[in-house]
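Trainee: What would the 3D arrangement of this be:
(one chain, ligands or ions: 2)
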Amino acid sequence: MKHFLKETDFKPREVAEIFALARELKQKRGRHTPPVLQHQTWAMIFSKSSTRTRVSFEVGIHELGGNPLFLNKGDIQLGRGETVADTARVLSRFVHGLIVRTFDHAEVEELARAGSIPVINALTDFLHPCQIYTDAFTMAERWAPKGGDLFASLKGRKIAFLGDTACNMANSWILGANLFGMKISLAGPKGFEPPKELDALLAKEGFAGGYEFTTDAREAVRDADVVYTDVWVSMGKEAEAAERIKTMSPYAVTAELFAAAKPDAWFMHCLPAYVGKEVTQEVLDNPRSIIFDQAENRLHTQKAIMAVLAQQPRA
Ligand code: CP
Ligand code: NVA
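Mentor: Ligands and ions are numbered 1, 2, ... in the order given. Reported below is the predicted structural model:
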């Protein structure tokens with residue numbers, strides 16, 4: 001059973017196919033969508049807040065002919081201590097796929113191991129792979145020649161990631177950049193270097209040392225094709241808010257910092273954005289800010305991912 005828990009769960013050739021399918025689904029939206037989830041129910045267990053992920057999955061499942069079933073963790077027995085493994089076994093008897101947003105990455109791995117249906121990681125404290133595939137697709141839409149190979153257009157491009165360089169988005173972008181053949185330079189405060197756990201995963205995937213880390217924001221954005229940032233206070237880190245905002249303030253994406261990247265660089269942010277913290281309103285409003293295209297593309301990319309997972313042979 002194939003799952004999508006981390007970027008490298010698909011090989012480059014498969015990612016290229018997902019991007020091509022996402023483009024086709026985007027073009028055909030509202031006209032013809034293959035009902036690949038017909039007569040299926042896909043459950044969504046969420047332990048954290050969400051706007052984009054929840055809505056894009058619910059709409060996407062519906063558009064593929066399936067039935068989305070949203071389960072707030074606090075409303076099911078998992079929230080009262082039923083084991084993750086039993087939850088996976090029980091849900092596997094009812095539904096055809098599982099989309100999970102949670103804190104501990106081990107929880108999505110356990111759901112995948114214990115169940116018998118595909119599991120999609122909709123964000124953990126460690127990784128946010130649906131966002132990274134969507135972001136890469138959004139870049140490729142701009143870089144690939146019309147109708148050309150989206151995946152191939154990423155090769156050799158440079159992304160600069162600023163601010164919280166030890167969060168799920170930074171980890172996921174490091175893994176994604178290596179998979180897509182991109183270069184990644186991260187700038188954040190001392191003490192926010194990517195975690196050892198990520199280094200271990202990179203080594204396992206054959207990507208050891210596949211990123212640059214600096215405390216100098218200008219150095220990271222030099223020659224960058226994309227300037228990317230994320231919220232400084234991720235879900236679950238609220239107790240550290242004041243300290244984080246103080247430490248990360250030199251990494252705010254201002255118009256001046258954005259101008260130090262390539263003249264045609266794109267600004268990207270997974271959203272939600274906190275204006276005046278990690279990014280200024282001026283940058284968000286820049287014509288080269290593509291944040292809402294990113295948000296929209298969650299729908300198309302995730303539909304493609306679900307279609308691929310749903311069509312694998314089952315026991
Ligand atoms: N970018 C993202 O995952 O947004 P939500 O938290 O709103 O789902
Ligand atoms: N790093 C953020 C991403 C939100 C989409 C968080 O985990 O809260």
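Trainee: tell me, how many neighbours does the closest residue to residue 216 other than its chain neighbours end up with?
Mentor: Of all residues not flanking residue 216 in the chain, residue 187 sits nearest, at 6.1 Å (C-beta to C-beta, 6 or more residues apart in numbering). (Each C-beta comes from the backbone N, C-alpha and C, glycine too.) Summarising burial for residue 187: neighbours were counted as other C-beta atoms under 10 Å, giving 24.
Trainee: Show me what residue 187 is bridged to.
Mentor: Per DSSP bridges, the residues bridged to residue 187 are residue 162, residue 214.
Trainee: Could you double-check that it sits in contact with residue 212?
Mentor: No - Residue 187 is beyond contact range of residue 212, at 9.1 Å (criterion: C-beta atoms under 8 Å).
Trainee: Common neighbours of those two, please.
Mentor: Common contacts of residue 187 and residue 212, defined by C-beta atoms under 8 Å, 6 or more residues apart in numbering, comprise residue 220.
Trainee: give the contact list for residue 154.
Mentor: Shown here is residue 154, whose contacts under the criterion C-beta under 8 Å, 6+ apart are 136, 139, 140, 143, 180, 181, 182.
Trainee: what's the nearest residue to it if we skip its chain neighbours?
Mentor: For residue 154, the nearest residue in space outside its immediate sequence neighbours is residue 180; the separation is 4.2 Å by C-beta to C-beta, 6+ apart.
Trainee: same check, this time on residue 65
Mentor: Closest residue to residue 65 in three dimensions, ignoring its sequence neighbours and counting by C-beta to C-beta, 6+ apart: residue 35, at 3.0 Å.
Trainee: Burial check on the one you found, number of neighbours?
Mentor: The local packing of residue 35 (other C-beta under 10 Å) involves 12 other residues.
Trainee: next one: residue 210
Mentor: Residue 210 has 18 neighbouring residues, counting by other C-beta under 10 Å.
Trainee: Now do the phi/psi pair for it.
Mentor: phi -80, psi 40 (degrees, to the nearest 10).
Trainee: In this structure it contacts residue 178, no?
Mentor: Yes - Residue 210 lies in contact with residue 178 (C-beta under 8 Å); the separation is 4.2 Å.
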